[in-house]
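The following comprises the amino acid sequence and a computationally predicted model.
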Amino acid sequence: MGIKTRANALDQVRYKHKFRTSSFWVSTAWSLIRGVLVAGICFIIVYPVLIKISSSLMTEEDLFDLTVRWIPKRFSMKTMLGNYADIYREIDYLHAFANSAALALTVAVLQAASCTLVGYGLARFKFLANNLLFALVIFTLLVPPQMVTIPLFLNFRFFDLFGLLKQPLNLIGTFWPFVLTSMTGMGLKNGLFIYIMRQFFKGMPKSLEEAALVDGAGHLRTFFAIMLPGAKVSLLIVFLFSFVWQYNDMFLTQMYMQQSSVLLPFRLESLTLIFDNLDYSDEYISIILNTGMVMFITPILIMYAFLQRYFIESVERTGIVG
Amino acid sequence: MKNRRRLRLTLARKHALWGYIFTAPFTIGFILFFLAPMVQSIEFAFHKLTITPAGFQLENVGWENFRYALQVDADFLQVFTETIIGVLVDIPAVIIFSFFAASILNQRFRGRALARVIFFMPLILTAEIIFNLEAQDIFHHMRAYVPGAVGAFSGSQALVSFLYQIRIPLGLIDYIILAVSQIPEIINASAIPILVFLAGLQSIPSSLYECAKIEGATGWESFWKITFPLISPLFLTNIVYIIVDSFTTPSNQLTDLIYNTAWLRNMFGASVAMTWLYFAAIGLIIIVIFAVLARRVVYMEE
């Protein structure tokens, strides 16, 4: 009993003492300021998304009504989902989304594969051109992509397999330009992916590989059986970036897919044309546009929600920077 | 002896060969889809290009395309300067903000996981179509600006007159106002730089801090003596990333102009010439930044 009261008394002294020290007040003040700052920044990021979701659930009267800021007044299942249904019908949403997702998936898989191979080659093998190749990887990043797109467009428009085909093929409007450039690590910002993978493999212990090599596994087998499983998290980052950037991209797609607007962003861009006639008010068009934006970001937000755990974790564990 | 040497040589060669095999995709891609088009784009810059159903024709025009970009085109010079200045404004603002944000996200506090998830959200939300649709939405400005905080702050005369009163140099005031009015853009551009800084902060061995603490260093001192130097190479990485990222941000008007010159006005040569001018300016910026910063950067010995 004596011990317990003594401990309690000690605690009380400490407790009293706690408020007197300046370090306590400094750290409390800092965590308050930090809390406000973090909350404020998060708010600035999330606000535009929330405002879009709120707009997409409104009716024209709600948007016009100045007393309505977030929650629509005229609230019913029909008006809420009506905007979504309108877009779903008008732009053939499911089909367009499937096209966009298929393209992004193809590109992401190919880019992740090629960039991993190249990154591994640059990280682990000593050969004459190694440093030169790495410098070229960085160089491809630094050149604005606009530099090569016109010649590339012409190459794909009149594709003769670099002089091998007599009758040139027209690859514009197909996935082939994306497939070819992704397979060879020449897609958008692929230099960054190669860099990430290279830094990751550089940070992995060499002894693992050496053990595998001594045990008689070839370089390919070592790579696929030992190194690749260890690189899962980096691979996921590259895959996620590649997927999202391709899904969001309009620059390369409007170049290579010119005539056919089969992809989701282009369908959404035509929303104003579809709904642009006198039957629709400005408010309704605004609501439709916001609904369209929500329909565009929802799939990737869902994907991000599932993957964010690995994504954040990977920041802690892998050296993106080495 | 001789035998062994030969064996070792072939092993090294075999090793090198595998290096070439693993990097082959990039080598092939670089030659076919980068080097060749790049050489072609030099050629196009000095020619008038017409696309015909069977192929394309080139007509030599000398420096005409560059002259067109610099002297004839009504928008180019203005958009060009604005874009370059925009990049220069973004670099310090994004670097400072992302370094600050990464330091915060590196600390332990309640809700950190959620804060991280949200801080990286701009990565997936920065899409050109969102930007385009927002531009079409006439009610966007009315609704989408954060009330109070950012909106009032940027336009606020109070802030401006306060800055004048404390006698900050005029150029700096302009910069602060420009940067403050772009707070949302800066936050959005910071996702990857934050990621890079955060990964860098995590990779600093904690033994260094413990050691400094035992020696009696304060938090402030260990920040400037340990954290800052060890993070310094990442400033270069991030500056390069910010520049690279600016090529594809939806709000880049210069890339729009370059695209429209080629595909709406069919002036491919002029478009390529504009890209070369753009690249030259960006290259110059990168060279200057590296010349200034590269020596001050500290690399940890391994």
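Thanks, I have the structure now.

Where does the prediction get shaky in chain B?
Flagging of chain B using pLDDT under 70 yields the residue ranges B:1-9, B:141-160, B:300-302.

Let me see the ranges of the strands in it.
With DSSP state E, the ranges of strands along chain B come out as B:47-52, B:55-60.

Burial check on A:H219, number of neighbours?
Using other CB atoms under 10 Å in any protein chain shown, A:H219 has 22 neighbouring residues. To be clear about C-beta, it is placed using only N, CA and C from the backbone, and glycine gets the same treatment.

Apart from its neighbours in sequence, what residue is nearest it?
B:W18 (4.5 Å; CB to CB, 6 or more residues apart in numbering or on different chains).

ok, the one you found - contacts?
B:W18 makes contact with A:G121, A:F125, A:H219 under the criterion CB atoms under 8 Å, 6 or more residues apart in numbering or on different chains.

measure the last one to B:G29 for me?
To B:G29, A:H219 is 21 Å away according to CB to CB, to the nearest Å.

now swap in the first one and tell me
With distances defined as CB to CB, the gap from A:G121 to B:G29 amounts to 13 Å.

Buried residues, the lengthiest helix in chain B. List them.
The longest helix of chain B (DSSP state H) is helix B:76-106. For helix B:76-106, the neighbour count (16 or more other CB atoms under 10 Å in any protein chain shown) marks B:76, B:79-80, B:83-84, B:86-87, B:89-91, B:93-95, B:97-99, B:101-106 as buried.

on contacts alone, who are the packing partners of that helix?
helix A:22-56, helix B:112-119, helix B:170-181, helix B:183-189, helix B:191-202, helix B:228-246, helix B:253-263, helix B:268-293 (3 or more CB pairs under 8 Å, 6 or more residues apart in numbering or on different chains; DSSP states H and E).

Next up, the contacts around the residue nearest to the spatial centre of chain B.
Residue closest to the mean C-alpha point of chain B, counted by CA atoms, centre = their mean, is B:I242 at 1.7 Å. Contact analysis of B:I242 by CB under 8 Å, 6+ apart lists B:V87, B:D90, B:I91, B:V94, B:I95, B:A189, B:P193.

run the last query once more with 7 Å
By CB atoms under 7 Å, 6 or more residues apart in numbering or on different chains, B:I242 lies in contact with B:D90, B:I91, B:V94, B:A189, B:P193.

Tell me, how many residues neighbour A:E61?
13.

Then A:I91?
A:I91: 22 neighbours (other CB under 10 Å).

Check which helix or strand the closest residue to it other than its chain neighbours maps to.
Distance criterion CB to CB, 6+ apart; nearest residue to A:I91, sequence neighbours excluded, is A:R267 at 4.2 Å. Using DSSP states H and E, A:R267 falls within helix A:264-269.

average pLDDT for the helix or strand following that helix?
Later in the chain than helix A:264-269, the nearest helix or strand by DSSP H and E is helix A:271-274. What helix A:271-274 shows for mean pLDDT is 81.

Can you get me the start-to-end distance on stretch B:197-211?
22 Å (CA to CA, to the nearest Å).

Tell me if that stretch is near chain A.
Yes - with CB under 7 Å from any CB of the partner chain as the criterion, chain A is reached by stretch B:197-211 at B:L198, B:A199, B:G200, B:Q202, B:S203.

Of all the residues in that stretch, which ones are buried?
Residues B:F197, B:L198, B:A199, B:G200, B:L201, B:Q202, B:S203, B:Y209 are the ones in stretch B:197-211 that count as buried (16+ other CB under 10 Å).

Let me see the residues that make contact with stretch A:242-250.
A:100, A:103-105, A:107-108, A:111-112, A:188-189, A:193, A:265, A:300, B:123-124, B:127-129.

Buried ones among the residues you listed?
The neighbour count (16+ other CB under 10 Å) marks A:100, A:103-104, A:107-108, A:111-112, A:188-189, A:193, A:265, A:300, B:123-124, B:127-129 as buried among those.

can you list the domains in chain B?
Using automatic domain parsing, the domain parsing of chain B gives B:2-45, B:72-146+B:184-296.

list the contacts for the residue in the stretch 151-300 of chain A positioned nearest to chain B?
Residue nearest to chain B within the stretch 151-300 of chain A: A:T184 (2.5 Å; CB to the nearest CB). Counting by CB under 7 Å, 6+ apart, A:T184 touches A:S114, B:P25, B:F26, B:I28, B:G29, B:F33.

contacting residues for B:L125?
Applying CB under 7 Å, 6+ apart, we find B:L125 in contact with A:V49, A:I297.

same thing with the one 5 residues further on?
By CB under 7 Å, 6+ apart, the contact set of B:I130 is A:M293, A:F296.

Please apply the same query to A:L117.
Taking CB under 7 Å, 6+ apart, one finds B:F22, B:P25 in contact with A:L117.

With B:Q182 instead?
Going by CB under 7 Å, 6+ apart, the list of residues near B:Q182 is empty.
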